[in-house]
Every structure is written in structure tokens, then in C-alpha cells.
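> Sequence and predicted structure are below.
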Amino acid sequence: MRVFVTGGAGYVGSHCVRDLCDHGHGVLVFDNLSAGHRSAVHPQAEFVQGDLADRSALADVLAAGRFEAVMHFAAFAYVGVSVAEPLRYYRNNVANTLQLLELMREAGIQRLVFSSTCATYGVPDRVPITEDTPQRPINPYGRGKLVVEWMLQDSARAWGLGSCSLRYFNACGAAADGSIGEDHRPETHLIPLVLSAAAGRRPCVQVFGRNYPTPDGTCIRDYIHVEDLASAHRLAIAVVQPAAAAAYNLGTGRGLSVREVIAAAERVTGRRVPAEESPRRPGDPPMLVADAAQARAALGWQAQWTDLDDIVRSAWRWHESHPDGYGD
Ligand code: UDP
């Protein structure tokens, strides 16, 4: 398939592009490099530096490319910033997606896989979270992603768009061969912060909250390896049905606490990770764990990276070989 990938230079996008290329698909990456890295893009993929807000540039690429499908990763992804700057988030994550959909329609492209999030569920009443759990996002980031899911449902009915929204839980890890990995500026995610504390590049990791109603008092998340996310996208693009908007959770189904992640990092690195107790981070639900049964049934997908130490080891390998990330 010939696939147009927005945000293909970003963390999840670059791993998906690599997986698509490795499986013989043709890929064009469209990325403004505001958060992505040019060197994260697989050498077999074409690359166009461009912004989804630039209607004529986007229209030209889509009209000329003979694409059969779009994977849409490009978005801002800092929950805290979305609270402080909601309009910037709605413009980038919602308005620019609206423009992408309009231009896909004009170009006759009817197949889309969309990068959604468990943040669309907000604070769920129960875990594990199934896809029919009410979506009640609690911040502009999650609300924007949910609005896009609604646009996809309405577009399925109105003009036959086929789409699949993949609601990721906590993306983590790096390519098994250490070639690409996670490089966010600033970094806010737990595993890279823990590893950078293990490496002595920061004094300690802060543990946000220790009095949650969980066995060890710290938050529980479902850490899903970025290569497992990549295989899910490749499988999803193949099964998207015309005039239907599907949505699947992507997680391992296993919840791990902040303390368990720190302990894994200490085992893998053989170093102590200095940890400091800090207040809760506003907006953090105590426990988010996926029920990914529907993705298994519909996509034939299953997370392969199920061992936390293996996941952390892949991230550590990247961290050690790329201490300054992509260096750009
Ligand atoms: N966390 C933490 N210290 C940090 C960063 C994160 O204790 O420096 C916790 C956070 O409260 C959450 C979990 O680690 O429970 C995962 O956070 P992350 O930001 O990686 O992903 P999120 O769950 O917010 O998408």
C-alpha cells in the first residue's frame, strides 16, 4: 500500500514508518519537525517537511501522491500544556485534522488510521478499560482527540470514510535494534526520566503521589511498547472497512506502578535510581489499564513486548547509545 504518514518523524510515527517500510509498503512522511526528528525517518520513506496548517502544500502532496491510505500521528501531546494553551491545541490537533480530512476527501483517499489515546476516557469508573467505557476526557488534549474520533464517525456516515482510531495507553520503549527511540523536548514521560536518573543525567526521578488507592500507593499504567503500537497500525490499515469508524484500545492489559517501573530500571541498568516523593500531578488518574480484547479479535494483534524488563532494556539501549537523543 502507498501510505501518507503525518507526524512520521515523531516517536510513535517513526516506529510505525519503519515497520511499514520493513513490510514493503511505500511511505511518504509529512512532518513539520516541530517535535519530530528528520533522522528518525526510515531511509526508504520519502520525506516532505510541511505543516498540516499549510492547505496548499498539503493539497499538492495529497493530490500528487496516489495514496491509498493515511496514518495521522501529527499532534501536540503534552497534557499540561493543553490545559494552559487549549486553543493552540485545538487548532493543531482538531482544526488541522479537519483540514486533512477535507483534503483527503478531495483527493479521493478513503482510508485512515488515527492516533488516539486513552486520555479520551478521562478517569474511568472501572479498569480494565473496554472501548465502550464512557469517553469523558478531562483535559483539552483528550477532548481534542475525542472530537477527531467524532469527526471520523460522522465522515463514515456522510462520505464513506473508513477509519480506525487506535487508543494508545502508555507508549514506551525503543526499536529492538536501538536505531530509533524516544526523544521528547522537554521529556515528561516516566521511563526516559527514570533512565536518565539511572544514568546520572538528572539528580533523581520524582514520584508523583504515593497515596493513591493502589497496592504500593503509586499510579498504575499500562506500558505498551512502541513496536507493538507499530504492528497494530500496520494491521489496522489493512482491515479498515469503507464507511465505518472503528476504535480499539492498544495496551498489554497489565498495570504497572511507578515503583515497579523504577525497580525494573534498577534491575536492567544495574544502577540505583534516586527517587524523590512529590505531590500528585494534577489530572493523573490512579489506574489506567487497557482491555485490548477487541484489537486482538479484529486485528489479530497481540502485544509481543510483555515483560517490563525487556521493555525498559530496549529504552536503556537507546538511551545509552543516544545520550543526547537524535542530537538535533
Ligand atoms: N510519573 C512520575 N514521575 C515523573 C513522570 C511521570 O511519577 O517524572 C508518573 C505519572 O504520575 C504517571 C506515570 O508516571 O502515573 C506515567 O506518566 P507519563 O507522563 O509517562 O505518562 P501518562 O500516564 O501521563 O500518559
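Sure thing, it's come through.
> Find the closest residue to the ligand in the stretch 101-250 of the chain.
residue 219 (2.9 Å; Cβ to the nearest ligand atom). For the C-beta atoms, the positions are set from N, CA and C on the backbone; glycine is no exception.
> burial count for that residue?
Each residue near residue 219 was counted by other Cβ atoms under 10 Å, and the total is 24.
> and what of residue 254?
Residue 254 has 17 nearby residues by other Cβ under 10 Å.
> re earlier: surely the residue of the stretch 101-250 of the chain closest to the ligand and residue 284 touch.
Yes - if you go by Cβ atoms under 8 Å, residue 219 and residue 284 touch, sitting 5.6 Å apart.
> Quick check: neighbours shared by those two?
208, 209 (Cβ atoms under 8 Å, 6 or more residues apart in numbering).
> Contacts for the helix or strand hosting residue 259, please.
For residue 259, the host element (DSSP states H and E) is helix 258-269. For helix 258-269, contacts defined as Cβ under 8 Å, 6+ apart pick out 190-191, 194-195, 198-199, 205, 207-208, 216, 218-219, 223, 272-273, 275, 308-309, 311-313, 316.
> Buried by neighbour count, from those: which ones?
Buried members of the contacts of helix 258-269, counted by 16 or more other Cβ atoms under 10 Å: 190-191, 194-195, 198, 205, 207-208, 218-219, 223, 273, 275, 308, 311-313, 316.
> Keep only those of these that are in helices.
In helices, judged by DSSP state H, the following of these are found: 190, 191, 194, 195, 198, 308, 311, 312, 313, 316.
> Include pLDDT and distance to residue 50 when you put the residues you listed into TSV, please.
Shown next, in TSV, are those (pLDDT from 0 to 100; distance: Cβ to Cβ, whole Å):
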residue	pLDDT	distance to residue 50
190	98	32
191	98	31
194	98	35
195	98	33
198	97	38
308	98	38
311	98	33
312	98	35
313	98	36
316	98	34
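> On the three-state scheme, residue 16 is what?
helix (DSSP: H, G, I helix; E, B strand; the rest coil).
> And it, how far from residue 32?
In this view, residue 16 and residue 32 are 18 Å apart by Cβ to Cβ, to the nearest Å.
> swap in residue 282?
For residue 282 relative to residue 32 (Cβ to Cβ), the value is 29 Å.
> So between those two, which is more surrounded?
Between residue 282 and residue 32, residue 32 has the larger neighbour count (other Cβ under 10 Å), namely 18 against 11.
> My read is that the more buried one contacts residue 57, right?
No - the pair formed by residue 32 and residue 57 falls short of the contact definition of Cβ under 8 Å, at 10.1 Å.
> Check the contact lists of those two and give me the overlap.
50, 51.
> Which residue ranges of the stretch 51-200 of the chain form helices?
55-64, 79-84, 86-89, 96-107, 140-159, 190-198 (DSSP state H, counting those that start in this stretch).
> just the ones you listed: most buried one?
Stretch with highest mean neighbour count among these: helix 190-198 (a mean of 23; mean count of other Cβ atoms under 10 Å).
> does any part of that helix sit near the ligand?
Yes - on the criterion Cβ under 6 Å from any ligand atom, helix 190-198 is in touch with the ligand at 190, 193.
> Output that helix as PDB, restricted to C-alpha atoms.
Only the C-alpha atoms of helix 190-198 are listed here, as PDB (Å, rounded to 0.1, in the frame of the first residue of the first chain):
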ATOM      1  CA  LEU A 190       8.300   8.200  33.200                       C
ATOM      2  CA  ILE A 191      10.600   5.600  31.700                       C
ATOM      3  CA  PRO A 192      13.000   8.000  29.900                       C
ATOM      4  CA  LEU A 193      13.100  10.200  33.100                       C
ATOM      5  CA  VAL A 194      13.900   7.100  35.200                       C
ATOM      6  CA  LEU A 195      16.600   6.100  32.900                       C
ATOM      7  CA  SER A 196      18.200   9.500  32.800                       C
ATOM      8  CA  ALA A 197      18.300   9.400  36.600                       C
ATOM      9  CA  ALA A 198      19.900   6.000  36.400                       C
END
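> Which secondary structure elements does that helix sit against?
strand 205-208, helix 258-269, helix 308-321 (3 or more Cβ pairs under 8 Å, 6 or more residues apart in numbering; DSSP states H and E).
> From the contact counts, what lies against the last one?
In this case it means helix 308-321. helix 190-198, strand 223-225, helix 258-269.
> Using PDB, list the CA coordinates for the longest one.
As requested, C-alpha coordinates have been extracted for helix 258-269 and formatted as PDB (Å, rounded to 0.1, in the frame of the first residue of the first chain):
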ATOM      1  CA  VAL A 258       5.600   3.900  39.200                       C
ATOM      2  CA  ARG A 259       7.600   2.000  41.800                       C
ATOM      3  CA  GLU A 260       7.600  -1.200  39.700                       C
ATOM      4  CA  VAL A 261       9.000   0.800  36.700                       C
ATOM      5  CA  ILE A 262      11.700   2.200  38.900                       C
ATOM      6  CA  ALA A 263      12.600  -1.300  40.200                       C
ATOM      7  CA  ALA A 264      12.800  -2.600  36.700                       C
ATOM      8  CA  ALA A 265      15.100   0.200  35.700                       C
ATOM      9  CA  GLU A 266      17.400  -0.600  38.600                       C
ATOM     10  CA  ARG A 267      17.500  -4.300  37.600                       C
ATOM     11  CA  VAL A 268      18.100  -3.500  33.900                       C
ATOM     12  CA  THR A 269      20.800  -0.800  34.400                       C
END
